[in-house]
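Participant: Give the three-dimensional model of this entry:
(2 chains)
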Amino acid sequence: MAKVRVRFAPSPTGELHIGGARTALFNYLFARKHDGVFILRIDDSDEERSRPEYVEGLMESLRWLGLDWDEGPYFQSQNLERYHRAANLLLENKKAYRCYCTPEELEAGREEARRKGEAYLYPGKCRNLTPEQEEKLRAAGRVPVVRLLTPDRGETVVEDLIRGSVRFDNALIDDFIIIKSSGLPTYNFASVVDDAQLEISHVIRAEEHLSNTPRQILCARALGCAIPSYAHLPMILAPDRSKLSKRHGATAVEEFREKGYLPEALVNYMCLLGWSPSLSGDEEILPLEEMIARFSLERVNKTAAIYDTEKLTWMNGHYLREGNLERITRLAVPFFAAKGLVSPNPGKEELGKLQKVVSLMRERAKTLSEMAEASSYFYSADYEYDPRGWEKHFSREGTGSLIDKIAGELEALPDFKPGTIEEAFARLAQETSLSLGRLIQPVRLSVSGRTGGPDFYELLSFLGREETVRRLRRTVQQLEGR
RNA sequence: GGCCCCUUCGUCUAAUCGGUUAGGACACCAGCCUUUCAAGCUGGCAGCAGGGGUUCGAAUCCCCUAGGGGUCACCA
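Facilitator: Residues are numbered from 1 along each chain as shown, chains lettered A, B, ... in the order given. The predicted structure is shown next:
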């Protein structure tokens, strides 16, 4: 089998969203699986909508996800010469022709087709212009486009690795434009020229391109290029089943990053959208290596998948808990810094403390931002606790009395003088230069239903009072008659 | 509207050549654990879009209907 070469070819018209990221992921997985080459190409042939400033963001998102590419980025805007040569070749071979129809004229035809409820097809008006006629039109100030001369009969078959043979009637494909009057190539043409130049073996892209594929095959044939294998991935839809867009909330990779999602969680979640790793289907948490080892286009679904963040969030919590603590801590820094809890570039000591906080809080937070949100008590005395939480644990029958006993034990420690529970906590706080809020956090959040705080044991462990923890546990067990 | 693709729990999905009590995961509910919140463990709820065929037997093959999506640009 020839070398596998695949490409991810976004157009720089916005941020990398989850649909594009999934396409990139599948290309990446396929390339790695087959020991192939993953290429990044920027499809910026449209000067109107392409914005250079998006390119860096696109690459940054890809890097963050860990989808590093082997070649590129290549830019279509820097390959214009090649498209012109290819188009001229077609013109010479009479496989393409110049068309002088104005947009207004075309619009009229389109309008008519709409009225009749038909699809508009360019009628081929300029197919057989003589050089003299062309000269005249040019003299009249008309700037031509170049159209591909397409067959009127027969069919063009797309052999799709995911969908099988998809047949298109050539009679329904008109002589489409390959070079605009501006001299720039259209997508269908540029893409084919580039894929041939880069020797792309497999075109893996979203399903929305399926109906463009016969046009591209026609281009490739006219050019005499090899036709790559195609694989059209199912779409990713918003919860309301419509195409993903800004109004559906977080869809950009960058937004997930800002919300405190881990790249490995996003990648894991995305790979499950439209693909299933195993035959029994019970392993859903899988590291990148495993994804690569198991990946195959044959196991990609045909059905569009609805994207829904609940599972992603669950996965993120999993990776937060199971991940390497130092790494998670490092990734948490910007989130804690944003809350003013740590400095943006924390020193060793500050980082050490943060790591302790993270190790305590990652057991319950689902995202990094949620973790930072719930950790302010560790850094500030400026707090409020939920009175209902206080009441639940200190005033109510049963639980309250148990807590009282635990507090009694606390107070009996050499470091504590008799007093109320709150005072005991206050002393502990003072003594350890940690905020009272931090100590009361479990109370505060126990009722509000948000990310909970660490328990007393964890807090005491955090303070290095392992002996106290042991004594408390013993006491509680005795109290409960065990 | 034309063309193309698709249709298993609410969501992501499994079920190799037709024979399964249609499996798992997330979410939800309950129980256990527990000083709170989580986490963890156990259990539960919930699905083959509908209708015809073919067959001893269909989620699986064929047809029709319905529904969803994509695409019909001098956008990609």
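Participant: and the helix or strand containing A:Ala87, anywhere near RNA strand B?
Facilitator: Using DSSP states H and E, the element containing A:Ala87 is helix A:80-92. No: Helix A:80-92 is not in contact with RNA strand B by Cβ under 7 Å from any atom of the strand; minimum separation 10.6 Å. The C-beta positions use only the backbone N, C-alpha and C, and glycine is treated the same way.
Participant: Check stretch A:65-72 too.
Facilitator: No: judged by Cβ under 7 Å from any atom of the strand, stretch A:65-72 stays clear of RNA strand B, getting no closer than 14.2 Å.
Participant: Quick one: residues in contact with that stretch.
Facilitator: A:7-8, A:21, A:24-25, A:28, A:31, A:37-42, A:62, A:198, A:253, A:263-264, A:266-267, A:288 (Cβ atoms under 8 Å, 6 or more residues apart in numbering).
Participant: let's see it at 10 Å
Facilitator: Applying Cβ atoms under 10 Å, 6 or more residues apart in numbering, the external contacts of stretch A:65-72 come out as A:5-9, A:16, A:21, A:24-25, A:27-29, A:31-32, A:36-42, A:59, A:61-63, A:198, A:253, A:256-257, A:263-264, A:266-267, A:270, A:288.
Participant: Counting neighbours, show which residues of it come out buried.
Facilitator: The neighbour-count check on stretch A:65-72 (16 or more other Cβ atoms under 10 Å) flags A:65, A:67, A:69, A:72 as buried.
Participant: for stretch A:313-333, same thing?
Facilitator: Going by neighbour count (16+ other Cβ under 10 Å), the buried part of stretch A:313-333 is A:313, A:315-320, A:323, A:328-329, A:331-333.
Participant: of the contacts of stretch A:65-72, buried ones?
Facilitator: With burial judged by 16+ other Cβ under 10 Å, the buried subset of these is A:5-9, A:16, A:21, A:24-25, A:27-29, A:31-32, A:36-42, A:59, A:61-62, A:198, A:253, A:256-257, A:263-264, A:266-267, A:270, A:288.
Participant: near RNA strand B too, which of the residues you listed?
Facilitator: Residues of these in contact with RNA strand B (Cβ under 7 Å from any atom of the strand): A:Ala9.
Participant: Show me chain A divided up by domain.
Facilitator: According to automatic domain parsing, chain A comprises the domains A:80-233, A:253-378, A:387-481.
Participant: got those domains as CSV, with mean pLDDT and distance to A:Lys243 columns?
Facilitator: Putting these into CSV (pLDDT from 0 to 100; distance: least, Cβ to Cβ, whole Å) gives the following:
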stretch, mean pLDDT, distance to A:Lys243
domain A:80-233, 92, 8
domain A:253-378, 89, 10
domain A:387-481, 52, 33
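Participant: The stretch 251-400 of chain A: strands as residue ranges?
Facilitator: A:305-306 (DSSP state E, counting those that start in this stretch).
Participant: Helices along that one, start to end?
Facilitator: Here the stretch 251-400 of chain A has its helices, by DSSP state H, counting those that start in this stretch, at A:253-258, A:263-271, A:288-294, A:309-322, A:325-338, A:348-361, A:368-374, A:387-394, A:399-412.
Participant: Quick one: list the elements packing against the second one.
Facilitator: Same thing as helix A:263-271. Packing partners of helix A:263-271 (3 or more Cβ pairs under 10 Å, 6 or more residues apart in numbering; DSSP states H and E): helix A:18-33, helix A:52-65, helix A:253-258, helix A:288-294, helix A:309-322.
Participant: so which of those comes closest to A:Lys302?
Facilitator: Of all those, helix A:18-33 sits nearest to A:Lys302, with 14.1 Å by Cβ to Cβ.
Participant: Up against RNA strand B, what does the stretch 51-200 of chain A have?
Facilitator: A:76, A:101-103, A:106, A:110, A:117-120, A:145, A:163-164, A:166-169, A:172, A:177, A:180-182, A:184-188, A:190-191.
Participant: Looking at the helices of the stretch 251-400 of chain A, which is nearest to A:Asn301?
Facilitator: Using Cβ to Cβ, the nearest of those to A:Asn301 is helix A:263-271, at 12.2 Å.
Participant: Fine by me, we can end here.
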